[in-house]
Structure formats: C-alpha cells, structure tokens
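Asker: no sequence on this one, just coordinates:
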C-alpha cells in the first residue's frame, strides 16, 4: 500500500512539474524574444499577452494543487437507507 502511495505521489509530482515548467518556458522565451525585437508595439503587445496567459496558467495550477491538499471537514448525519427489509 505504501509503495502505491509513493508511486502515485511521484506521478503527481511529474504532472505538476510539467504543468508549471511549460508555461515558465513560454514566459522565458517570450521575454527573450521581447528583448530581441525592435520597438514594434504590436509584437510587444502579443508577447505581453503570452506572458500574462502563462502566469495565469501557473497560478491556476498552483490553486488546483492547493485545493487538492486541503482537507475538508466531514459532516456525519444519520440516514435511513430503505431496503427489502420489512
């Protein structure tokens, strides 16, 4: 059971790393391209949009991760389950 948990955690960590690394690479490339271009306002606006979208994507990934780690409180209630018993 412990080995299965560790394997699941490893898979989760790889997924998280992938989901964060991809947008970071896009941001890095956009910044490099931003530095290389002349003062073309349209291109700069497009690159800024790429950077903003990827920052939002990273933030969303982190929010989802934190939501998964929050332990919710359980609410126990008495419930009658109808069956074939009379």
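Answerer: Noted; the coordinates are in hand. On a predicted model such as this, the values are computed, not experimentally measured, just so you know.

Asker: In the chain, what residue spans correspond to strands?
Answerer: Assigned strands in the chain: none (criterion: DSSP state E).

Asker: any low-confidence regions in it?
Answerer: 39, 71-74, 83-86 (pLDDT under 70).

Asker: can you point me to the longest helix in it?
Answerer: Criterion DSSP state H: the longest helix present in the chain is helix 2-36.

Asker: how far out from the middle of the chain is it?
Answerer: 9 Å (C-alpha atoms, centre = their mean, to the nearest Å).

Asker: cool, and stretch 30-49?
Answerer: 26 Å.

Asker: what residues does that stretch touch?
Answerer: 50, 51, 54 (C-beta atoms under 8 Å, 6 or more residues apart in numbering). To be clear about C-beta, it is placed using only N, CA and C from the backbone, and glycine gets the same treatment.

Asker: okay, now residue 44: neighbour count?
Answerer: 14 (other C-beta atoms under 10 Å).

Asker: now residue 47
Answerer: Neighbour number of residue 47 under other C-beta under 10 Å is 20.

Asker: What separation is there between it and residue 22?
Answerer: 17 Å (C-beta to C-beta, to the nearest Å).

Asker: ditto for residue 62
Answerer: Using C-beta to C-beta, residue 62 is found at 14 Å from residue 22.

Asker: So which residue is smack in the middle of this structure?
Answerer: residue 61 (1.5 Å; C-alpha atoms, centre = their mean).
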